[in-house]
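**Q** Sequence and predicted model, in that order:
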Amino acid sequence: SSNPPSLTWRGGSPGIYLDEMPVNADMISGISVTDVAYIKVIRPPFLGATGGGNGAIAIYTRRGNDVQQTSGKGLSKNTITGYTSIRQFYSPDYSTFTEDYGKRDLRTTLYWNPEVRTAPGKNQVLLTFYNNDVSQSFNVVLQGMTKNGRLAHVTMVME
């Protein structure tokens, strides 16, 4: 919304590239979305970027032999990919001993449960899991939704 347009990512400006040539945000603001083939986001650190390597955004335009989609009536239909199907993470039960437990436990995901729910009027849930053989602290990520539909996200380290 600023004039000229600006871009900030994690406290700095990422490098902006149009067809692998460095440009500024003002230059790309005039490009039509239908002329864009794809956009690649490069997370920091990106040492090839100007201005300290705070990541980069590379925009690639269509070429002459690209087939351009013709829009139909109404709003355009887009399929957005990015979500993966539900996976079941391995969670051992060490309450009973078997020979398989003689191996070192090197799991990186110790507990995963997409269905944790609190009881009405109670804001506490007891979660129980077994640690691996190498972790001394935990990076805890809680994500969810309130009863009003607002997204919640909390990250903390527990030792």
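**A** The structure has been received and is ready for your questions.
**Q** In this structure, what helix or strand scores lowest on average pLDDT?
**A** Counting by mean pLDDT, DSSP states H and E, the weakest-scoring helix or strand in the chain turns out to be helix 25-28, with a mean of 82.
**Q** which helices and strands does that helix pack with?
**A** Contacts of helix 25-28 with other secondary structure elements, assessed using 3 or more C-beta pairs under 8 Å, 6 or more residues apart in numbering; DSSP states H and E, are made with strand 15-18. C-betas here are computed from N, CA, C, even on glycine.
**Q** Note down every partner strand of the strand it packs on and its orientation.
**A** Using DSSP bridges, the neighbouring strands of strand 15-18 in the sheet come out as strand 21-23 (antiparallel), strand 56-61 (parallel).
**Q** just those strands: most buried one?
**A** Relative to the other members of the strands paired with strand 15-18, strand 56-61 carries the highest mean neighbour count by mean count of other C-beta atoms under 10 Å, namely a mean of 17.
**Q** Output that strand as PDB, nothing but the C-alphas.
**A** Taking C-alpha atoms only, strand 56-61 is exported to PDB below (Å, rounded to 0.1, in the frame of the first residue of the first chain):
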ATOM      1  CA  ALA A  56      14.600 -13.600  -2.400                       C
ATOM      2  CA  ILE A  57      11.400 -13.700  -4.500                       C
ATOM      3  CA  ALA A  58      11.900 -14.800  -8.000                       C
ATOM      4  CA  ILE A  59       9.100 -14.100 -10.500                       C
ATOM      5  CA  TYR A  60       9.200 -15.900 -13.900                       C
ATOM      6  CA  THR A  61       7.000 -14.700 -16.700                       C
END
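**Q** what's the helix or strand for the most centrally placed residue in the chain?
**A** Nearest to the mean C-alpha position of the chain, counting by C-alpha atoms, centre = their mean, stands Gly82 at 9.0 Å. Using DSSP states H and E, Gly82 maps to neither a helix nor a strand.
**Q** Next one: it relative to Ser32, how far apart?
**A** In this structure, Gly82 and Ser32 are 24 Å apart, going by C-beta to C-beta, to the nearest Å.
**Q** Kindly report the same for Val134.
**A** Val134 sits at a distance of 52 Å from Ser32 (criterion: C-beta to C-beta).
**Q** Those two: which has the busier surroundings?
**A** Val134 (10 against 7; other C-beta atoms under 10 Å).
**Q** mind listing what the more buried one touches?
**A** Taking C-beta atoms under 8 Å, 6 or more residues apart in numbering as the definition of contact, the neighbours of Val134 are 104, 106.
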